[in-house]
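1. Quick one, what's the 3D model for this:
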Amino acid sequence: MHIRWGTILSDTALFVICTVLASVHSYQFDLHAKPVGKFRRSIQSVPPWQDEELYNMMGEWIKKKIEDPLCYTVLECNDVANFEGMVVSSQRKRVQIKKIAHLQDEIGDTIQIPHPYSGAAMKIFTTNLKRSMTIPEKPGEENENSWTDEIEGWVCP
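-> Numbering: from 1, shown residues only. Predicted structure coming up:
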């Protein structure tokens, strides 16, 4: 019987080398640090955007403090405040109407309707559309206003 000592030695050496490499590679290091202090940066600004329309309606300024963690400069704070002010003033231009359905109307369309009081043409950007159909109670009875749209949107300038 012939024993192959070279193969056994090379396999054993390869096993030992792979085991050593695997154990060295699997070490993990945890670093622990002790915080020394805190540093908080604060930027304040009064934006140039003013809401004259609301001031004229209410007769007083309403101040709101906006805290945004992503503002690092005065210009960025002014941009955030201008955006918030634009949203507030635009919210006053929201409308909700109910009309006979025009089946080509979709969300994102700008539709034109008469103003309910003055009759002047008013453009509305559609942001939400709920379409419903009423079924006549008696079979064979026709109802021309069976399709209705409930539209929410913004009044366009």
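
2. Show the model's pLDDT score for residue 46.
-> Here, the pLDDT recorded for residue 46 equals 67.

3. Outside of the helix or strand encompassing residue 55 itself, list whatever touches it.
-> Assigned by DSSP states H and E, residue 55 belongs to helix 52-58. When contacts are defined by CB atoms under 8 Å, 6 or more residues apart in numbering, helix 52-58 is touched by residues 61-62, 88-89, 92. Just so you know, the C-beta spots here come from the backbone N, C-alpha and C atoms, and that holds for glycine as well.

4. Which among these count as buried?
-> In the contacts of helix 52-58, burial by neighbour count holds for no member, counting by 16 or more other CB atoms under 10 Å.

5. Of all the helix elements in the chain, which one is longest?
-> Scanning the chain for the longest helix, with DSSP state H as the assignment, gives helix 5-25.

6. tell me the mean pLDDT over that helix?
-> Taken as a whole, helix 5-25 has a mean pLDDT of 82.

7. for stretch 125-135, same thing?
-> Taken as a whole, stretch 125-135 carries a mean pLDDT of 86.

8. Tell me how many other residues surround residue 71.
-> Summarising burial for residue 71: neighbours were counted as other CB atoms under 10 Å, giving 20.

9. Can you check the pLDDT for it?
-> We have a pLDDT of 77 for residue 71.

10. measure residue 61 to residue 12 for me?
-> When CB to CB, to the nearest Å is applied, the distance between residue 61 and residue 12 equals 85 Å.

11. typo on my end, it should be residue 128
-> Using CB to CB, one gets 74 Å for the distance from residue 128 to residue 12.

12. repeat for residue 98
-> 86 Å.

13. so who does residue 70 touch?
-> By CB under 8 Å, 6+ apart, residue 70 lies in contact with residue 76.

14. circling back: starting at the chain centroid, how far to the longest helix of the chain?
-> In terms of CA atoms, centre = their mean, to the nearest Å, the gap separating the centre of helix 5-25 from the centre of its chain is 57 Å.

15. Which parts of this protein are strands?
-> Counting by DSSP state E, the chain has strands at residues 94-100, 110-114, 121-133, 147-155.
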